[in-house]
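J.: Show me how the following folds:
(2 chains)
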Amino acid sequence: ELKVEQNPLFLSMQEGKNYTIYCNYSTTSDRLYWYRQDPGKSLESLFVLLSNGAVKQEGRLMASLDTKARLSTLHITAAVHDLSATYFCAVDKGGATNKLIFGTGTLLAVQP
Amino acid sequence: GAVVSQHPSRVICKSGTSVKIECRSLDFQATTMFWYRQFPKKSLMLMATSNEGSKATYEQGVEKDKFLINHASLTLSTLTVTSAHPEDSSFYICSARDWRLRLAGKGHEQFFGPGTRLTVL
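T.: Have a look, this model is predicted:
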């Protein structure tokens, strides 16, 4: 059974600091997604990582995928308050249905 | 592009009643739709997968007689929570994908709706 774990579960950081959120998964997959969720809202797609070694960057966020280590990271550079949200990674189970298994989520609070 | 809508966005109902939630793909045709539920401060849990014109496939532990899913067209799926009880109160999110977009590299990607918050009194 595919399991997806994120750490940390909660991250409080100061503006201007850097930090990394980790997403580990238990079985082989070549597709991994990162989403942002604001309170009371649905998911906003951030990154789609489709192959080993994939790296994508958007603003202060950068995501990478290492399929051999079954690890993805979401790196935050010089955090700002607007990045405060819950971040989820999701791993594609593959096969015919391409089900997504979501990680536990990381609640990020950026303090001024 | 790839916009998914849900209706209603919020619903409050009495215990024992049934509630229907609609999920529509607005600018693409959804060969597959997924239904998730999310409890407060928790992650998303997949409830079922539905393909257009076929019966839904439910995840282990999800009661198919309680959560009725219909995917009658390529742009609409419905989730009906039958005989709702307070423990069914949750945030329900649908997503959709079009497998035919695989040639453009987007056939596997799911596009999420805005969610429906269900409160059962």
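J.: Might you enumerate the residues of chain B proximal to chain A?
T.: By CB under 8 Å from any CB of the partner chain, the residues of chain B that approach chain A are B:32, B:34, B:41-46, B:49, B:57, B:93, B:97, B:105, B:108-115, B:117. Where C-beta positions appear, they are placed from N, C-alpha and C, glycine not excepted.
J.: Residue B:100 belongs to a strand?
T.: No. Judged by DSSP: H, G, I helix; E, B strand; the rest coil, residue B:100 forms no part of a strand; its state is helix.
J.: Quick one: neighbours of it, just the number.
T.: When neighbours are counted by other CB atoms under 10 Å in any protein chain shown, residue B:100 registers 12.
J.: was I right about it contacting residue B:31?
T.: Yes. Residue B:100 lies in contact with residue B:31 (CB atoms under 8 Å); the separation is 6.5 Å.
J.: thinking again about what came up before, out of the residues of chain B next to chain A, which end up buried?
T.: Neighbour counting with 16 or more other CB atoms under 10 Å in any protein chain shown marks B:32, B:34, B:43-46, B:49, B:93, B:97, B:108-113, B:115 as buried within those.
J.: Most widely separated two among the residues you listed?
T.: Maximum pairwise distance among those (CB to CB): 21.8 Å, between B:108 and B:115.
J.: Spell out which parts of chain A neighbour chain B.
T.: So chain A meets chain B at A:31, A:33, A:35, A:40-43, A:45, A:48, A:50, A:88, A:90, A:92, A:97-105, A:107 (CB under 8 Å from any CB).
J.: Write the ChimeraX selection for whichever of those are buried.
T.: Only the buried members of the residues of chain A next to chain B end up in this ChimeraX selection, burial being decided by 16+ other CB under 10 Å:
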select /A:31,33,35,42,43,48,88,90,92,97,98,99,100,101,102,103,104,105,107
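J.: Please flag which of the residues of chain A next to chain B sit within helices.
T.: The helices, defined by DSSP state H, take in nothing from those.
J.: Take the residues of chain A next to chain B and keep only those in strands.
T.: Filtering these for membership in strands, criterion DSSP state E, returns A:33, A:35, A:43, A:45, A:48, A:88, A:90, A:92, A:100, A:101, A:102, A:107.
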